[in-house]
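A.B. asks: all I have is the shape, not the residue letters:
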Ligand SMILES: O=P(O)(O)OC[C@H]1O[C@H](OP(=O)(O)OP(=O)(O)O)[C@H](O)[C@@H]1O
Ligand SMILES: O=C(O)c1cc(=O)[nH]c(=O)[nH]1
């Protein structure tokens, strides 16, 4: 399936997030990357709809299987998944249950100087990092660095949503391939064309993304 078709096939998720109240419009500044963003997406709200969370994990699992089965696999074999706290934990857990892959996650230092890697692992194992969304890529890069310090290998990262803030390229420069299920642009097109948001918010958000106006 072509990338655009995949994004369209996954728009049920945008609809679900809309129903959950997870997509908000206003003026949001979160950290260094999301500055005066007209749109904010709270994917943590997926825990309020277990069926949607399960379906999201199924879509992620199917995507991974499809990319692995290609003649030139676009995602490497992995031994473990690592959820990025907190937003990535429920997705990584759901993915772990669906795929039968053991899970790890980074736990902040408990009195000691170092972040702890929770879960069993052995040096040389490959880890697929899972997060709910990616903006600038700092969280995933930090996770990869800590895993690599303990001689784990990170080839790929999987997120539900790419906010299209240059993280794809940033991860690539570090040798990590980013796979996303939805882009912010595809969500905006869906909300605009189904008249769920006003033209004003639609255009403002696309402008913020630096994308040409189209669709709605
Ligand atoms: O690509 P980045 O620029 O790192 O941004 C994305 C990260 O930001 C959010 O987490 P946040 O740090 O808000 O913490 P939370 O998951 O605990 O809410 C999100 O869950 C990602 O982990
Ligand atoms: O950039 C972020 O940190 C961020 C953006 C967003 O839309 N939602 C979120 O939870 N975090």
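C.D. replies: Sure thing, it's come through. Note that the structure is a prediction, hence the values are computed from the model and not measured. Ligands and ions are numbered 1, 2, ... in the order given.

A.B. asks: and the gap between the nearest residue to residue 76 once chain neighbours are set aside and ligand 2?
C.D. replies: Among residues not flanking residue 76 along the chain, residue 155 sits closest, at 4.0 Å (Cβ to Cβ, 6 or more residues apart in numbering). Where you see a C-beta, it was placed from the backbone N, CA and C, and this is true even at glycine. Between residue 155 and ligand 2 the distance is 24 Å, computed by Cβ to the nearest ligand atom, to the nearest Å.

A.B. asks: residue 155 reaches residue 176, doesn't it?
C.D. replies: Yes - shown here, residue 155 and residue 176 form a contact pair, counting by Cβ atoms under 8 Å, at 6.9 Å.

A.B. asks: name the residue of the chain that lies nearest to ligand 1.
C.D. replies: Nearest residue of the chain to ligand 1, counting by Cβ to the nearest ligand atom: residue 87, 2.8 Å away.

A.B. asks: ok, residue 121 - contacts?
C.D. replies: Residues in contact with residue 121, defined by Cβ atoms under 8 Å, 6 or more residues apart in numbering, are 79-80, 104, 127, 150, 152.

A.B. asks: that one should be in a helix, yeah?
C.D. replies: No - judged by DSSP: H, G, I helix; E, B strand; the rest coil, residue 121 forms no part of a helix; its state is coil.

A.B. asks: circling back to that earlier point, sec struct for the residue of the chain closest to ligand 1, please.
C.D. replies: Under the three-state scheme (three-state DSSP), residue 87 adopts coil.
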